[in-house]
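In: curious how this folds, go ahead:
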Amino acid sequence: MLYLTILVTGASGFLGSYLYSTLIAENYDVLGTSYSGNLQKLNMIDPQNSYDIKILDLRNYEEILKVLRCNEIQTIFHIAAIHPRVPVNDPQPLFETNVLGTLNLLHAAIKCDVDRIIYSSSMSVYGNPEYLPVDEEHPKNPTSFYGLSKYYGENLLKYYSNQHKINSIVLRFSGIHGYGRGWGAVDSFIKKGISNEPPIIMSDIQWDLISVYDAVNALIKTLELLSDSKFEIINIGRGVKIHINELVSIILELCKSDVLPIYEIQTKGLKFEMNIEKAKNLLSYNPEPIQISLMKIIQKYRAHSQG
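Out: Numbering: from 1, shown residues only. From the prediction side, this is the model:
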């Protein structure tokens with residue numbers, strides 16, 4: 001029997017699928033789990049590969065315990081979460097997965113002597129920034145159930161790290177973009193640019209965007225850090241905010257589109273920028289220029305449409 005050492009929860013989701021496929025490509029012993037088992041995103045990333053995902057409901061403690069024990073897991077990348085695209089009226093399903101699921105995973109990890117856990121959190125825990133750039137000590141005032149659920153998850157990791165022998169790292173990601181995300185401003189603008197249709201701008205936002213490849217790179221770099229760290233929280237962004245107008249301009253230029261955007265401003269835009277000095281110091285983190293990451297997405301979409 002092959003004993004697996006790394007578990008990736010949410011391995012069929014957007015960030016999880018990129019992380020899982022990268023770990024496999026780099027010859028790590030890794031097991032991917034998913035609530036849905038839908039391999040669409042993994043197949044989009046690498047249609048030539050065959051992925052084996054284990055179905056796992058994080059709300060079921062006994063199922064988690066069985067997976068960890070049977071596979072001798074040493075490290076967990078906890079990526080799985082419900083991330084609503086719009087505000088939710090009933091937060092119960094979200095909290096059952098994002099909070100109770102994290103609690104179940106941590107408790108099972110302690111029972112099975114897991115060494116380390118890396119938790120994917122979000123800029124949403126900060127809420128509306130009181131100052132820029134936002135560092136890890138910035139007050140946490142979530143303005144959404146999603147942000148609140150991620151903040152509760154962070155505190156669960158902190159508690160278990162303090163009370164038990166498990167190393168933990170929380171990565172707070174800014175807005176992640178990449179091929180296959182399927183929603184969001186970057187995805188929408190690129191699709192419009194490729195089809196030479198005018199993108200619609202509905203907010204005056206300025207925010208911090210990073211490539212999914214940078215996010216995965218940061219996650220994998222934590223494997224080298226955990227042996228010396230009991231509990232850390234690290235911002236992962238690009239460290240520079242970009243105005244939505246500039247973002248659209250770059251995308252249309254890269255797509256070689258001559259259309260002009262349509263402005264239908266409905267909301268006052270957030271201004272958000274992360275301080276990433278800690279990531280640079282601890283992880284040697286160096287995000288790629290946004291033009292490069294956007295071009296990768298454009299090339300992927302064009303190749304997909306032609307294939």
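In: quick check: next helix or strand after the helix or strand harbouring Leu23?
Out: Taking DSSP states H and E as the criterion, Leu23 maps to helix 14-25. The helix or strand immediately downstream of helix 14-25 is strand 30-34, counting by DSSP H and E.
In: next one: that following strand to chain centre, how far?
Out: A distance of 16 Å separates the C-alpha centroid of strand 30-34 from that of its chain, computed with Cα atoms, centre = their mean, to the nearest Å.
In: I'd assumed Ser124 was in contact with Phe173.
Out: No. The pair Phe173 / Ser124 is not scored as a contact, 9.5 Å apart, by Cβ atoms under 8 Å. For the C-beta atoms, the positions are set from N, CA and C on the backbone; glycine is no exception.
In: more neighbours, the two?
Out: Neighbours per residue (other Cβ atoms under 10 Å) separate Phe173 from Ser124, with Phe173 holding more: 24 against 21.
In: state the number of residues packed around Glu109.
Out: Quick fix: residue 109 reads Ala, not Glu. Considering only other Cβ under 10 Å, Ala109 is surrounded by 25 other residues.
In: what residues does it make contact with?
Out: Contact partners of Ala109, counting by Cβ atoms under 8 Å, 6 or more residues apart in numbering, are 68, 73, 76, 117, 160, 166.
In: can you pull the phi/psi pair for the closest residue to the fifth one other than its chain neighbours?
Out: Nearest in space to Tyr160, with sequence neighbours left out and distances taken as Cβ to Cβ, 6 or more residues apart in numbering, is Leu106 at 4.7 Å. Listed backbone geometry of Leu106 is phi -70, psi -40, with angles given as degrees, to the nearest 10.
In: and Leu106, what pLDDT?
Out: pLDDT, Leu106: 98.
In: ok so, going back, what's the average pLDDT for the helix holding Leu23?
Out: Across helix 14-25, the per-residue pLDDT values average to 95.
In: got the buried residues for that helix?
Out: Of all the residues in helix 14-25, those buried under the rule 16 or more other Cβ atoms under 10 Å are 14-24.
In: just put these in TSV and tack on distance to Arg59.
Out: Output for those, formatted as TSV (distance: Cβ to Cβ, whole Å):
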residue	distance to Arg59
Phe14	21
Leu15	20
Gly16	17
Ser17	21
Tyr18	25
Leu19	22
Tyr20	21
Ser21	26
Thr22	27
Leu23	25
Ile24	27
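In: out of the residues you listed, which comes closest to Thr5?
Out: Ranked by distance to Thr5 (Cβ to Cβ), those are led by Leu23 at 10.4 Å.
In: my guess is the closest one contacts Leu7, does it?
Out: No. Look at Leu23 against Leu7 with Cβ under 8 Å: they stay out of range, at 10.4 Å.
In: mutual contacts of the two, please.
Out: Val30.
In: which of the contacts of Ala109 fall in strands?
Out: Residues of those located in strands (DSSP state E): 76, 117.
In: hmm, which of the contacts of Ala109 is lowest in pLDDT?
Out: Least confident of the contacts of Ala109 in the model: Ile166, at 91.
In: and the gap between that one and Leu105?
Out: 11 Å (Cβ to Cβ, to the nearest Å).
In: quick check: neighbours shared by the two?
Out: Common contact partners of Ile166 and Leu105 (Cβ under 8 Å, 6+ apart): Ile117.
In: who has more neighbours, the two?
Out: Using other Cβ under 10 Å as the criterion, Ile166 and Leu105 rank with Leu105 on top: 28 against 21.
In: ok, and for the strand or helix carrying that one, which residues are buried?
Out: Remark: Leu105 resides in helix 101-111, with elements defined by DSSP H and E. Neighbour-count burial for helix 101-111 flags 101-109 (criterion: 16+ other Cβ under 10 Å).
In: stretch 291-307 too?
Out: By 16+ other Cβ under 10 Å, the buried positions in stretch 291-307 come out as 293-298, 300-301.
In: check stretch 191-199 too.
Out: Buried residues in stretch 191-199, counting neighbours by 16+ other Cβ under 10 Å, are found at 191-194, 199.
In: could those residues go into a markdown table alongside distance to Tyr146 and pLDDT?
Out: As requested, the buried residues of stretch 191-199 are exported to a markdown table (distance: Cβ to Cβ, whole Å; pLDDT from 0 to 100):
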| residue | distance to Tyr146 | pLDDT |
| --- | --- | --- |
| Lys191 | 24 | 95 |
| Lys192 | 26 | 96 |
| Gly193 | 28 | 96 |
| Ile194 | 29 | 95 |
| Pro199 | 25 | 95 |
